[in-house]
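Novice: pasted the sequence and its predicted model underneath.
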2 protein chains.
Amino acid sequence: MSTLAMIEAAAQRLQGHVRETPLLSSPFLDDLAGRQLFVKPECLQHTGSFKFRGAWSAVSALDEATRQRGILAFSSGNHAQGVALASAKHGVAAVIIMPSDAPKLKIENTRALGAEVVLYDRANESRETIGDRLSSERGLTLIKPYDEPQVIAGQGTTGLEIAKQAAAEGVTTADVLVCCGGGGLTSGIALALEGHAPGLRARPAEPDGFDDAKRSLATGQIQTNSAMAGNICDAILTPSPGEITFPIMKRLCDPGLSVSEEEARHAMALAFTRLKIVLEPGGAVALAAALFRKTDIAGDAVIAVASGGNVDAEVFRSALDQFA
Amino acid sequence: MSTLAMIEAAAQRLQGHVRETPLLSSPFLDDLAGRQLFVKPECLQHTGSFKFRGAWSAVSALDEATRQRGILAFSSGNHAQGVALASAKHGVAAVIIMPSDAPKLKIENTRALGAEVVLYDRANESRETIGDRLSSERGLTLIKPYDEPQVIAGQGTTGLEIAKQAAAEGVTTADVLVCCGGGGLTSGIALALEGHAPGLRARPAEPDGFDDAKRSLATGQIQTNSAMAGNICDAILTPSPGEITFPIMKRLCDPGLSVSEEEARHAMALAFTRLKIVLEPGGAVALAAALFRKTDIAGDAVIAVASGGNVDAEVFRSALDQFA
């Protein structure tokens, strides 16, 4: 069960440890979006994505004895880095199980942040089996990437900041587009907005072909993706919305949006030129939706959460080559 | 005469119009710098550089009748964009005199922000002559890029934020490295720190060969550069420290630092990889000094002001090609 009270409690635990990211804007992007466009750049968060919020929330919520036995996580990269740094700052060990085809930068960073990285073959091995073995051998506590109430609570603190910052900009009614994998960030923000800014409505943004959240919202039932790879937006390719996150999204979210890989790259280039921030493809889909799905959005303002910036230089260069 | 009181008054006028930029950091950069390294990313400021602060301060300080006659500025780019947007937001006309070899992006942006751009040939024309003519014909008020008390006051608000944010990080003693052209930002920050965080000391950072501020501080007399072009750090190539800025710097600044073009590009690549921000070469020299002049810096912490991010994609790509 995830609640506003849990998000507010997480915000207390995160105070002084998590960065309050600003709300960015550019008159050039307003013109392209056809309305006021605000971007919440969680790429500027510690470890380069919002995942540090949920990781800190979950690690800090454990009782001391449990935490001292160590932390376990599965992740293609951003959750990995978040859990690695949150564990290191709490002085406890972390083991991260990562697919061997995850972006190089994310694997390297996770190791450099002090975690033990166990690589597995996405096609032929089960990360759950590896995780169960490690967990029972060492007494590690698994922190799931999204279907975990304290993780959702941590991600929801992004929504508390959005509510406050949007009000300061005079924005009380707007769609809040959120890059969506398993729905931890989307559901957390939706809960925070329900309590603190009911005129702001969360909507998941996804890559075309991996739009499980959009289809799940449209049908009212959890839908799955047929593939788990084959899209540039690696950070947000998940099989389906979570068992905990989806009911929250179903109750609170407006319809989902999806964008092409090319639109995600275009948004990366515009974020470079106009906002001076570095986004990874999966972190740019909400901005892409704000720019390229504008007829599916209502109102005078829109807020896009840019969820992460952990991109290899080659991928970033290719976006600049094509669009900047 | 520039004073702390003017900076505090400017901060009042800037409230709600200028973005408070966060203080960023990365454990990877701490390792490289050999101490805690904090970066103040003014690339995230409106128009992509700190210049919007001084422009807003100066435009907002004019009496209404004077302001309505319009604004004039000379600039290779960042001051141009700052003055253009500050004027537009005040609803008054701006004419910007720019060298014809300024970065394309800066010229285009200045026009798109509503200013009339007058290009001149840096080698064969005097921007002062053109400016005098336009000013007398149209009654425009010239806002100088640095040697102007209200501009210095606006830039100094960066220092007020640094003082507050460093204290929140527990940092009360540190060098504050500032990308330095004519010294408006450096002198403004120095004044703000003198009043609000006397343990923080401003130091100018410049490109090798264009280190007029460093040499001026070393000799106690204003020194000039022999050239005004021929370095990638276009934003901060100025002939010498200003008549107003230098006495402030002489009284308050610790010795200057200079870095190579290659070091500036390297810092751009590290800011991309580790901070997820886009810096222009001239906006990266303070970070480069923090990373590559560490034996010239004392203490457990250092703060680098990243002054701007208005870089053409080709220049950015070349930094990634070499260092990321």
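Specialist: All right, it came through fine.

Novice: tell me how many other residues surround the closest residue to A:Cys253 other than its chain neighbours.
Specialist: Using CB to CB, 6 or more residues apart in numbering or on different chains and skipping the chain neighbours, the partner closest in space to A:Cys253 is A:Ala202 (5.1 Å). The way it works is simple: take the backbone N, C-alpha and C, and place the C-beta from them, glycine included. Neighbour count for A:Ala202, taken as other CB atoms under 10 Å in any protein chain shown: 29.

Novice: looking at this, A:Ala202 is in a strand?
Specialist: Yes. The secondary structure assignment for A:Ala202 places it in a strand, going by DSSP: H, G, I helix; E, B strand; the rest coil.

Novice: can you pull the contacts of it?
Specialist: Listed by CB atoms under 8 Å, 6 or more residues apart in numbering or on different chains, the contact set of A:Ala202 reads A:Gly159, A:Val176, A:Val178, A:Thr186, A:Ile189, A:Ala190, A:Leu193, A:Met249, A:Leu252, A:Cys253, A:Asp254.

Novice: ok, and the most crowded of those residues?
Specialist: Scoring the contacts of A:Ala202 on neighbours with other CB under 10 Å, the highest-scoring entry is A:Thr186 at 37 neighbours.

Novice: quick one, what contacts that one?
Specialist: Neighbouring residues of A:Thr186 by CB under 8 Å, 6+ apart: A:Val178, A:Cys180, A:Ala202, A:Pro204, A:Ala213, A:Thr245, A:Met249, A:Cys253.

Novice: pull the longest helix from chain A.
Specialist: helix A:149-168 (DSSP state H).

Novice: convert it to PDB, retaining C-alpha atoms only.
Specialist: Backbone C-alpha positions of helix A:149-168 (Å, rounded to 0.1, in the frame of the first residue of the first chain) are rendered in PDB as follows:
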ATOM      1  CA  PRO A 149       6.000   0.800  -1.500                       C
ATOM      2  CA  GLN A 150       9.000   2.600  -0.100                       C
ATOM      3  CA  VAL A 151      10.500   3.000  -3.600                       C
ATOM      4  CA  ILE A 152       7.200   4.400  -4.900                       C
ATOM      5  CA  ALA A 153       7.200   6.800  -1.900                       C
ATOM      6  CA  GLY A 154      10.700   8.000  -2.700                       C
ATOM      7  CA  GLN A 155       9.900   8.600  -6.400                       C
ATOM      8  CA  GLY A 156       6.800  10.400  -5.200                       C
ATOM      9  CA  THR A 157       8.900  13.100  -3.700                       C
ATOM     10  CA  THR A 158       9.500  14.300  -7.200                       C
ATOM     11  CA  GLY A 159       5.800  15.100  -7.300                       C
ATOM     12  CA  LEU A 160       5.900  17.100  -4.100                       C
ATOM     13  CA  GLU A 161       8.600  19.300  -5.700                       C
ATOM     14  CA  ILE A 162       6.600  19.600  -8.900                       C
ATOM     15  CA  ALA A 163       3.500  20.700  -7.000                       C
ATOM     16  CA  LYS A 164       5.400  23.400  -5.100                       C
ATOM     17  CA  GLN A 165       7.400  24.600  -8.100                       C
ATOM     18  CA  ALA A 166       4.400  24.600 -10.500                       C
ATOM     19  CA  ALA A 167       2.400  26.700  -8.000                       C
ATOM     20  CA  ALA A 168       5.400  29.200  -7.900                       C
END
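
Novice: quick check: bridge partners of the residue nearest to A:Cys180 when sequence neighbours are not counted?
Specialist: Excluding the flanking residues, the one nearest A:Cys180 by CB to CB, 6+ apart is A:Pro204, at 3.4 Å. Beta-bridge partners recorded for A:Pro204 (DSSP bridges): A:Val178.

Novice: need the residues of the stretch 151-300 of chain A near chain B, please.
Specialist: For the stretch 151-300 of chain A, the residues in contact with chain B under the definition CB under 8 Å from any CB of the partner chain are A:Ala168, A:Ala269, A:Phe272, A:Thr273, A:Leu275, A:Lys276, A:Ile277, A:Val278, A:Leu279.

Novice: may I see the ChimeraX selection of the buried members of these?
Specialist: Applying 16 or more other CB atoms under 10 Å in any protein chain shown to those leaves a buried subset, and the ChimeraX line that selects it is:
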select /A:269,272,273,275,276,277,278,279
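
Novice: closest one of the contacts of A:Ala202 to B:Ala324?
Specialist: Distance to B:Ala324, by CB to CB, is smallest for A:Val178 among the contacts of A:Ala202, at 28.2 Å.

Novice: show me the contacts for that closest one.
Specialist: Taking CB under 8 Å, 6+ apart, we find A:Val178 in contact with A:Leu185, A:Thr186, A:Ile189, A:Ala202, A:Arg203, A:Pro204, A:Ala205, A:Ala286, A:Val305, A:Ser307.

Novice: mind checking which of these are buried?
Specialist: Among the contacts of A:Val178, those classed as buried by 16+ other CB under 10 Å are A:Leu185, A:Thr186, A:Ile189, A:Ala202, A:Arg203, A:Pro204, A:Ala205, A:Ala286, A:Val305, A:Ser307.

Novice: biggest separation within the residues you listed, which pair?
Specialist: In the buried ones among the contacts of A:Val178, the most distant members under the criterion CB to CB are A:Arg203 and A:Ser307, with 13.8 Å between them.
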